[in-house]
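>>> Take this sequence and fold it.
(one chain, ligands or ions: 1)
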Amino acid sequence: MASESVTKGFRFNHTGIRVAHLENILCCSQEQNLSKIHKDCPMDRFVKLCFTVPDIDATMKHFKSINVNIVKDAGTAENQEVAASFLGCFPSAEVKCEIESAPIPEPKDKQVLIKVVVSGSNPKDWKVPTWAAEYNGPDNDSWQTKAKSGMNHGDDIAGVVEKVGKDVIAFKTEQKGDRVGAFHEMQAPGGSYAEYGLAWEHTTFHLPASTSFEEAATIPLAALTAAVAVFKNLKLPTPWLPATESTPFIVYGASSSVGSYAIKLARNSNIHPIIAVAGKGTPHVESLLDRSKGDAVFDYRKGTEETIKGIRAHLKSGKYGEVRHGLDPGIGEPSKQVLTEIVVSDGAINLVLPSDWDTGKIAKTKTTVGSVHTVDNSGSGDNHNLGLVTCRWFTEALEKGTFTAHPYEVRPGGLEAVQQALQDLKDGKNSASKYVFRIADTPGL
Ligand SMILES: NC(=O)c1ccc[n+]([C@@H]2O[C@H](COP(=O)([O-])OP(=O)(O)OC[C@H]3O[C@@H](n4cnc5c(N)ncnc54)[C@H](OP(=O)(O)O)[C@@H]3O)[C@@H](O)[C@H]2O)c1
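Predicted structure coming up:
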């Protein structure tokens, strides 16, 4: 017999969580990264559900009616009233970019106005508008409401200081404005996909002459994310208080921007051996490592078992001891098994995407880069000072050459290229590479 509400009262077998509404399951599972179907459904909001319901036909009909894409159809299992297993996802909203004219933003007292020469890009630039488009909550001050009506989602600024707020100390505009890189506050006015962008003084850094604007545009958001993950959440040594003993550290997804910057920060902090896991981007990752200190890279395309076996053999042969720290720089499900197998049970894993992974006794923390601007609710706390110190350190480390930019690809057409580049990011086309845009390349500017 069909239940009154087909979405109520079923069991979520995979995690054992009891939830009353499908919407809650989709919400709590939204970051589960089932890479197998990622190519078919190129977005994060997909789920694998296995549960019992009183009326499977009605349930599936309901799922379809709320636009869940059914990738694998329901089946039945013995000794259960009705059982179903399927993979589904919400259809993704199209991300559309439009170029418009707007007043030059005015810096607040502790902000700088930057003439953007090159803008970088990040996966969130397509994710946030996609999530916002699906938002049906109250019309309030939330980021979803703000993003739903359209906004400039660029956060990586490289350019020249044009104007400073009255309380800014570190930057100037006289004669020739300072060359800077800067992390724009996400979902705030003055984004980097523009001729002029805004940034807070403490997340703006001077560029040495040897650093190009293209290089600088790859750094702000991803490198600060790595800093919050490595220094704050994993509490690993810093470049200004480096490690004095062997500190094995595993980074899964090492060729991603966040993963690569985590490795670069770790090396500056004398953290070794670095155990990196990458795929197509392995040659890039290899170039970041110091083999003489036990660093090594393992190819996840060989499969999870092979990867774990290879890492264990390496740790044993070099007598490197236990791995106490692991980082998932936003890869999700595929890294779970490797990290939880390699990191010791009283160790620590940091996740750069929100996830409901069960890490058992291993301490789990989550990183939100926005915590360098605002206090976040996911445990990263207030990282204003970490952002400030790291940005000052970027300048010097770039100058000395101990810290370098991520590889990049300049997308021809300036701002006109943003939409296709975000689509390519969404489709997972970039490997060990950032897409950047020279604003002056925009036709008509
Ligand atoms: N919470 C936060 O504050 C925050 C901040 C920044 C980023 N993020 C999130 O973190 C994630 C990474 O961001 P990003 O800018 O670093 O991304 P990215 O540079 O665009 O990542 C691309 C890389 O991902 C790697 N990759 C893809 N699938 C993989 C898999 N199954 N296993 C291992 N590596 C895989 C690829 O490696 P190969 O080519 O080697 O296969 C590629 O080099 C994104 O989801 C982003 O939204 C969150």
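>>> need the contact list for Gln387.
Careful, residue 387 is Gly; it's not Gln. Residues counted as contacts of Gly387 (Cβ atoms under 8 Å, 6 or more residues apart in numbering) are Phe183, His202, Thr203, Leu224, Ala227, Val372, His373. To be clear about C-beta, it is placed using only N, CA and C from the backbone, and glycine gets the same treatment.
>>> err, Lys148, not the other one
Per Cβ under 8 Å, 6+ apart, neighbours of Lys148: Ala132, Ala133, Tyr135.
>>> out of the residues you listed, which is most surrounded?
Neighbour counts for those peak at Ala132, which has 21 neighbours (criterion: other Cβ atoms under 10 Å).
>>> Next, that residue: secondary structure please.
helix (DSSP: H, G, I helix; E, B strand; the rest coil).
>>> what does the one 5 residues further on give?
When states are read from three-state DSSP, the local structure at Gly137 comes out as coil.
>>> If you drop the residues flanking it in sequence, what lies closest to it?
Leaving aside its chain neighbours, Gly137 sits nearest to Gln144 (6.5 Å; criterion: Cβ to Cβ, 6 or more residues apart in numbering).
>>> And the ligand, is the helix or strand where that neighbour lies touching that?
Assessed by DSSP states H and E, Gln144 sits inside helix 143-148. No - using Cβ under 6 Å from any ligand atom, helix 143-148 stays clear of the ligand, with a minimum separation of 12.8 Å.
>>> From the chain's centroid, how far away is that helix?
19 Å (Cα atoms, centre = their mean, to the nearest Å).
>>> partner strands of the following helix or strand past that helix, parallel or antiparallel?
Remark: after helix 143-148, the chain's next helix or strand is strand 156-164, criterion DSSP H and E. With DSSP bridges as the test, strand 156-164 is paired with strand 111-119 (antiparallel), strand 179-183 (antiparallel).
>>> quick one: average confidence on strand 156-164?
In this model, strand 156-164 has a mean pLDDT of 97.
>>> Check the stretch 251-400 of the chain for the residue nearest the ligand and tell me.
Gly330 (2.1 Å; Cβ to the nearest ligand atom).
>>> Quick check: the gap between that residue and Leu221.
Going from Gly330 to Leu221 by Cβ to Cβ, to the nearest Å gives 12 Å.
>>> Could you check which of those two is surrounded by more residues?
Ranked by neighbour count (other Cβ under 10 Å), Gly330 and Leu221 place Leu221 first, with 30 against 25.
>>> what's the angle between the strand or helix carrying that one and strand 179-183?
Assessed by DSSP H and E, Leu221 sits inside helix 220-227. Orientation of helix 220-227 against strand 179-183 (axes from the mean of the first three to the mean of the last three Cα atoms, to 10 degrees) gives an angle of 60 degrees.
>>> my read: Val117 touches Phe437, true?
No - in this structure Val117 lies outside contact range of Phe437 using Cβ atoms under 8 Å: 10.0 Å.
>>> related to what we said a few turns ago, same list (the contacts of Lys148) but as JSON lines, adding pLDDT.
Converted to JSON lines, these look like this (pLDDT from 0 to 100):
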{"residue": "Ala132", "pLDDT": "83"}
{"residue": "Ala133", "pLDDT": "79"}
{"residue": "Tyr135", "pLDDT": "79"}
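>>> Of the residues you listed, which is the nearest to Arg267?
Minimum distance to Arg267 across the contacts of Lys148 is 37.1 Å, recorded for Ala132 (Cβ to Cβ).
>>> sorry, back to before: give me the more crowded residue out of Val117 and Phe437.
Phe437 (28 against 20).
>>> who's in contact with the more buried one?
Phe437 sits in contact with Val118, Ser119, Ser121, Tyr193, Val410, Arg411, Gly413, Gly414, Leu415, Ala417, Val418, Ala421, where contact means Cβ under 8 Å, 6+ apart.
>>> just checking, the second one touches Ala216?
No - between Ser119 and Ala216 there is no contact, the gap being 10.5 Å when judged by Cβ under 8 Å.
>>> residues shared between the contacts of the two?
Ala158.
>>> pLDDT value on the residue nearest to the spatial centre of the chain, please?
The chain has Gly330 as the residue nearest its centroid, 5.0 Å off, counting by Cα atoms, centre = their mean. As predicted, Gly330 sits at a pLDDT of 85.
>>> Tell me how many other residues surround the nearest residue to it once chain neighbours are set aside.
Sequence neighbours aside, Val352 is the residue nearest to Gly330 in space, at 4.0 Å (criterion: Cβ to Cβ, 6+ apart). Val352 has 26 neighbouring residues, counting by other Cβ under 10 Å.
>>> Show the contacting residues for Val352.
Counting by Cβ under 8 Å, 6+ apart, Val352 touches Thr225, Ala229, Val258, Leu327, Asp328, Pro329, Gly330, Lys366, Thr367.
>>> farthest pair in these?
Longest span within those, Cβ to Cβ: Val258 and Lys366, 13.1 Å.
>>> so who does Gly330 touch?
Applying Cβ under 8 Å, 6+ apart, the residues contacting Gly330 are Pro123, Gly253, Ser256, Val258, Leu351, Val352, Leu353.
>>> Please report the distance of the residue nearest to Gly330 from Asn122.
12 Å.
>>> So Pro354 belongs to a helix, correct?
No - looking at Pro354 with three-state DSSP, it is coil, so not inside a helix.
>>> Phi and psi next, for it.
Main-chain torsions, Pro354, degrees, to the nearest 10: phi -60, psi 140.
>>> now Val436
Taking degrees, to the nearest 10, you get phi -130, psi 160 for the backbone angles of Val436.
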